[in-house]
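>>> give me a 3D structure for the following:
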Amino acid sequence: MTLKFAANLDDLNPDEPYAAMGDKEQIALYLVDGEVYATHNVCTHQFALLSDGFLEDGCIECPLHQGKFDVKTGAALCAPVTAPIKTYRVHVEGGAVMVEL
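Model prediction:
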């Protein structure tokens with residue numbers, strides 16, 4: 001397990017995705033009901049950035065074709081997406097959002 005700094009907690013807004021980098025991977029962060037979640041930032045359908053999408057009720061909608069993923073589990077929730085997105089464990093330490101890579 002390698003923890004990498006992804007963002008300051010103050011940078012995150014409820015129901016608004018946040019783009020971050022972890023080593024060579026693009027990561028999207030989400031603040032949902034006071035908890036921080038992290039997924040890969042690229043849609044499994046057509047490679048759009050999920051951080052440019054619409055976040056509602058713990059689901060991120062891809063900005064390209066409106067496929068949805070659960071940010072907690074990475075599950076694909078509706079067409080056209082069928083493959084899940086990778087999720088990462090998150091640790092918040094002293095206001096720093098750390099992601100397990």
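>>> for the rest of this, base every contact and every neighbour count on C-alpha atoms.
Will do.
>>> lowest average confidence, helix or strand, in the protein?
Lowest mean confidence among the helices and strands of the chain (mean pLDDT, DSSP states H and E): strand 18-22, at a mean of 90.
>>> starting at the chain centroid, how far to that one?
Computed by C-alpha atoms, centre = their mean, to the nearest Å, the chain-centroid distance of strand 18-22 equals 8 Å.
>>> parallel or antiparallel, list what pairs with it.
The pairing partners recorded for strand 18-22 under DSSP bridges are strand 25-32 (antiparallel).
>>> related to what we said a few turns ago, other residues contacting the least confident helix or strand of the chain?
4-7, 12, 26-30, 41, 51, 99, 101 (C-alpha atoms under 8 Å, 6 or more residues apart in numbering).
>>> again with stretch 90-101
Contacts for stretch 90-101 (C-alpha under 8 Å, 6+ apart): 1-10, 22, 36-38, 88-89.
>>> out of those, what pair is the most spread apart?
Across the contacts of stretch 90-101, the longest distance by C-alpha to C-alpha is 24.7 Å; it joins Met1 and Asp10.
>>> about what we covered before: and the least confident helix or strand of the chain, C-alpha only, in CSV?
Written as CSV, here are the backbone C-alpha positions of strand 18-22 (Å, rounded to 0.1, in the frame of the first residue of the first chain):
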residue,chain,number,x,y,z
TYR,A,18,-12.5,17.0,-8.3
ALA,A,19,-9.6,16.0,-10.6
ALA,A,20,-6.4,14.8,-9.0
MET,A,21,-3.2,12.9,-10.0
GLY,A,22,-1.7,9.9,-8.3
